[in-house]
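Enquirer: coordinates for the following, if possible.
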Amino acid sequence: TWVFPTLGIMHHNKQATENAKEEVRRILGLLDAHLKTGTFLVGERVTLADITVVCTLLWLYKQVLEPSFRQAFPNTNRWFLTCINQPQFRAILGEVKLCEKMAQFDAKKFAESQPKKDTPRKEKGSREEKQKPQAERKEEKKAAASAPEEEMDECEQALAAEP
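Expert: Numbers count the residues shown, from 1 in each chain. A predicted model of the protein is given here:
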């Protein structure tokens, strides 16, 4: 709700964005309190928990968490930076550039990402013209049915034999 509009994936809703900001602030606060006494989320090594949460927070850090917003969560920032700078993370994520200024909704980008709506025009025609394509379709189905089938391999035969 906060990141997707900045990427042009979703339409911007100001109230929903404000709610998302507050929710992110609350969650980062909980995470910060948990990380006050540890280097990683579970134990002293990177675990699946760290990988999952880093990947969840990645677009927030890249798009919308500007330095003024991040400064309230020093433990979370330390942990995030520690994780993304691990060789295994770098091999997959590459160089992660943290957000310097919060990205804003771009209506033009959103419009470009939306599929064009083609409204099919109904053609007015005689009944014969409408029936002709149906007759052609029937002929195509008959031709397809009479075409020789490919040989089935052992797996396909076993599946076909099952009730």
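
Enquirer: where does pLDDT dip in this protein?
Expert: By pLDDT under 70, the low-scoring segments of the chain are 1, 106-111, 113, 115-149.

Enquirer: tell me which element residue 23 falls in.
Expert: helix 14-34 (DSSP states H and E).

Enquirer: tell me the buried residues in that helix?
Expert: Across helix 14-34, burial judged by 16 or more other Cβ atoms under 10 Å covers 17, 20, 21, 24, 27, 28, 31, 32. In this view, the C-beta of every residue, glycine as well, is placed from N, C-alpha and C.

Enquirer: stretch 73-83 too?
Expert: 73, 75, 76, 77, 79, 80, 82, 83.

Enquirer: which residue ranges of the chain form strands?
Expert: Taking DSSP state E, the chain contains no strands at all.

Enquirer: which helices and strands sit right next to the helix holding residue 23?
Expert: helix 74-84 (3 or more Cβ pairs under 8 Å, 6 or more residues apart in numbering; DSSP states H and E).

Enquirer: tell me how far the helix it packs on is from the chain's mean position?
Expert: 23 Å (Cα atoms, centre = their mean, to the nearest Å).

Enquirer: compute the inter-axis angle for that helix and helix 14-34.
Expert: 90 degrees (axes from the mean of the first three to the mean of the last three Cα atoms, to 10 degrees).

Enquirer: please enumerate residues in contact with helix 74-84?
Expert: Helix 74-84 has contacts (Cβ atoms under 8 Å, 6 or more residues apart in numbering) with 28, 31-33, 35-36, 39-41, 46, 50-51, 54, 57-58, 61, 70, 89-90, 93, 96.

Enquirer: how about stretch 55-63?
Expert: 2-3, 6-7, 24, 70, 80, 84, 93, 96-99, 102-103.

Enquirer: what about 10 Å?
Expert: 2-7, 20, 24, 27-28, 31, 54, 65, 69-70, 76-77, 79-81, 83-84, 89, 92-93, 96-99, 102-103 (Cβ atoms under 10 Å, 6 or more residues apart in numbering).

Enquirer: nearest to residue 152 among the buried residues of stretch 73-83?
Expert: Closest to residue 152 out of the buried residues of stretch 73-83 is residue 83 (49.6 Å), distances taken as Cβ to Cβ.
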